[in-house]
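Novice: A structural model of the following input is requested.
(one chain, ligands or ions: 1)
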Amino acid sequence: MAARTTRRARGTDALIQLDGIHHISATTADAACSVDFYARLLGLRLAKKTVNQDEPTVYHLLFGDEAGSPGTALTFFEYPNAARGVAGVGMVHRIVWRVATRDAMSFWYQRLSSAGVRAEVDDHGLTFEDPEGLGLEITVSDHGDGALPARHPEIPPACALQGLAGVRIFSADPETSERFLAETLMFTRSDEGFEARGPTRRSFVAYDELASPGRGGAGTVDHVAWTSEDQDIEAWQRRIAAVAAPTPVLERFYFRCVYFREPSDALFEIATRGPGVTVDEPLETLGDALSLPPMLEHRRREIEATLRPLSNPRRGWTAEN
Ligand code: ZN
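Specialist: Next up is the predicted model:
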């Protein structure tokens, strides 16, 4: 009875487990270059073109599946003069994408090599870097979670990236971080490390030991966000507040979220599944126009004047694509 009371007092009774990665946010010095690499070469959809809500003169681009769904989204803030960063302790040093089969991995090896991107096969999968040095990997996953591909005229649907499999993070003390993942975030041990395994998806975190500091900048990850059910976000905030220092629940228009640092100092976010990036644009034209949340709409002219124009690569596709 006492245990039950304690669990209730911490507000965890009804918590649904985090449903894998929601999005990963990184920094680029060149948004056009990011569009070329992620939308043209990797075949993701530029599913949202908006701005950093804390700094509206900065682009915030989202690459993902057809609907910009949680579980697929890699986002970039553009700081045109940002120096190249280096991943160090407390930073994500590799983002891992899923494909369904080894044939798909061979397809990507060929496609990347033909584009002059050096790709290597190691124990985990196919590793390579984006043009700014951000570490990427493609791995085969047979978990059977729902695939979330984007369509692209040069990429067979069976080979398309199916969403985010996980992240690798540098840590000086992996065990302390792993304990936090297990006890506070309710992750479970997996083949790769620890995973958030929710109702529809799973994504892993693996720690690699490294004590030297890094430097944020172009080609580095700012934070990793995990998917919460909409009704659980306050309960997650309270649960994390018992052991760390999360922000209050913030309203980001496309979702609500909480930020906090895990013990290795990596910046994490928990974000709600809804309402999502289709809340202010139809699915067919996602990412074509600059989307601004209502509280920034009155500044549209000023904001548009400061951003470098970016065209959506889908505009060049023919009707059959
Ligand atoms: Zn975020």
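Novice: Please identify the buried residues of stretch 282-293?
Specialist: Under the neighbour-count criterion of 16 or more other CB atoms under 10 Å, stretch 282-293 has 286-287, 290-293 buried. Just so you know, the C-beta spots here come from the backbone N, C-alpha and C atoms, and that holds for glycine as well.
Novice: swap that for stretch 131-143, please
Specialist: Buried-residue list, stretch 131-143, by 16+ other CB under 10 Å: 131-132, 134-141.
Novice: nearest to the ion, of those?
Specialist: residue 134 (16.0 Å; CB to the ion).
Novice: contacting residues around the nearest residue in space to residue 304 that is not next to it in sequence?
Specialist: Of all residues not flanking residue 304 in the chain, residue 290 sits nearest, at 6.3 Å (CB to CB, 6 or more residues apart in numbering). The contact partners of residue 290, taken as CB atoms under 8 Å, 6 or more residues apart in numbering, are 49-51, 300, 303-304, 307.
Novice: Who does the residue in the stretch 1-150 of the chain that the ion sits nearest to form a beta bridge with?
Specialist: Using CB to the ion, residue 25 is the residue of the stretch 1-150 of the chain that sits closest to the ion, at 4.6 Å. Here residue 25 sits in beta bridges with residue 75, residue 223, going by DSSP bridges.
Novice: pLDDT wise, what is it at?
Specialist: Looking at residue 25, its pLDDT stands at 98.
Novice: Which residues of the stretch 151-300 of the chain lie near the ion?
Specialist: Within the stretch 151-300 of the chain, the residues that sit near the ion (CB under 5 Å from the ion) are 225, 269.
Novice: in the stretch 151-300 of the chain, which spans are strands?
Specialist: Ranges of strands within the stretch 151-300 of the chain are 164-171, 188-189, 194-197, 202-209, 221-228, 250-251, 256-261, 267-272, based on DSSP state E, counting those that start in this stretch.
Novice: Double-check the residue of the stretch 1-150 of the chain closest to the ion against residue 216; I have them as touching.
Specialist: No. With contacts counted by CB atoms under 8 Å, residue 25 stays clear of residue 216, the gap being 11.6 Å.
Novice: Which part of the stretch 101-250 of the chain gets nearest to the ion, residue-wise?
Specialist: Closest residue of the stretch 101-250 of the chain to the ion, CB to the ion: residue 225 (4.4 Å).
Novice: Residue 207 versus that residue, what's the distance?
Specialist: In this structure, residue 225 and residue 207 are 18 Å apart, going by CB to CB, to the nearest Å.
Novice: Identify the residues contacting the nearest residue to residue 279 once chain neighbours are set aside.
Specialist: Spatial nearest neighbour of residue 279, excluding adjacent residues (CB to CB, 6+ apart): residue 254 at 6.3 Å. The neighbourhood of residue 254, defined by CB under 8 Å, 6+ apart, consists of 48, 275-277, 279, 293.
Novice: How much space separates the nearest residue to residue 170 once chain neighbours are set aside from residue 25?
Specialist: Once flanking residues are discounted, residue 170 sits nearest to residue 210: 4.0 Å by CB to CB, 6+ apart. Per CB to CB, residue 210 is found 21 Å from residue 25.
Novice: got it, and residue 57?
Specialist: As judged by CB to CB, residue 57 and residue 25 stand 17 Å apart.
Novice: who has more neighbours, these two?
Specialist: Applying other CB atoms under 10 Å to residue 57 and residue 25 shows that residue 25 carries more neighbours, namely 20 against 13.
Novice: which residues sit in contact with the more buried one?
Specialist: So residue 25 contacts 74-77, 221-223, 225 (CB under 8 Å, 6+ apart).
Novice: hmm, 6 Å instead?
Specialist: 75, 222-223 (CB atoms under 6 Å, 6 or more residues apart in numbering).
Novice: Over to residue 47?
Specialist: By CB under 6 Å, 6+ apart, the contact set of residue 47 is 62, 64, 68, 277, 286-287.
Novice: Name the nearest residue to it, ignoring sequence neighbours.
Specialist: residue 68 (3.1 Å).
Novice: What is the neighbour count of that neighbour?
Specialist: Neighbours of residue 68 (other CB under 10 Å): 27.
Novice: From residue 46, how far out is it?
Specialist: Counting by CB to CB, the gap from residue 68 to residue 46 is 9 Å.
Novice: Could you list the low-confidence segments of this protein?
Specialist: 1-13, 318-321 (pLDDT under 70).
Novice: quick one, longest helix in it?
Specialist: helix 102-114 (DSSP state H).
Novice: Next, the buried residues of that helix.
Specialist: Applying a neighbour-count criterion of 16+ other CB under 10 Å, one finds 104-105, 107-109, 111-112 buried in helix 102-114.
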